[in-house]
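>>> No letters, just coordinates:
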């Protein structure tokens, strides 16, 4: 499964882990989250440490998710240790809610 989700209601947190390719294969999972986001969500952690390849389409999906969740006041934290992907994140996400953490596992 390319997108793994885990909701932690007590912490009002949603954890998303991307496996393999960061691309259009994530579309259905991201669209589902946009249309029916968890209630009482304050934080979304997107773990990209298991991404093997990233594409502009996957970065666009992350931007869309960030945009929609940010409107609801959700704080987004992206975890990655991939220098190339880390360099691409600022271009794809322009919202103040995005925080980048380097070297997390």
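In hand now; what should we look at? Please read these numbers as outputs of a predicted model, since none were measured by experiment.
>>> Relative to residue 54, how far out is the nearest residue to residue 61 once chain neighbours are set aside?
Nearest non-adjacent residue to residue 61, counting by C-beta to C-beta, 6 or more residues apart in numbering: residue 30, 4.8 Å away. C-beta coordinates here come from the backbone N, C-alpha and C atoms, glycine included. Per C-beta to C-beta, to the nearest Å, residue 30 is found 14 Å from residue 54.
>>> before we move on, back to that, wait, is the residue nearest to residue 61 part of a helix?
Yes. Counting by DSSP: H, G, I helix; E, B strand; the rest coil, residue 30 falls inside a helix.
>>> count of residues packed around it?
19 (other C-beta atoms under 10 Å).
>>> correct me, but it touches residue 63?
No. If you go by C-beta atoms under 8 Å, residue 30 and residue 63 don't touch, sitting 10.3 Å apart.
>>> on that earlier part again, quick one, grab the pLDDT at the residue nearest to residue 61.
On the pLDDT scale, residue 30 is placed at 93.
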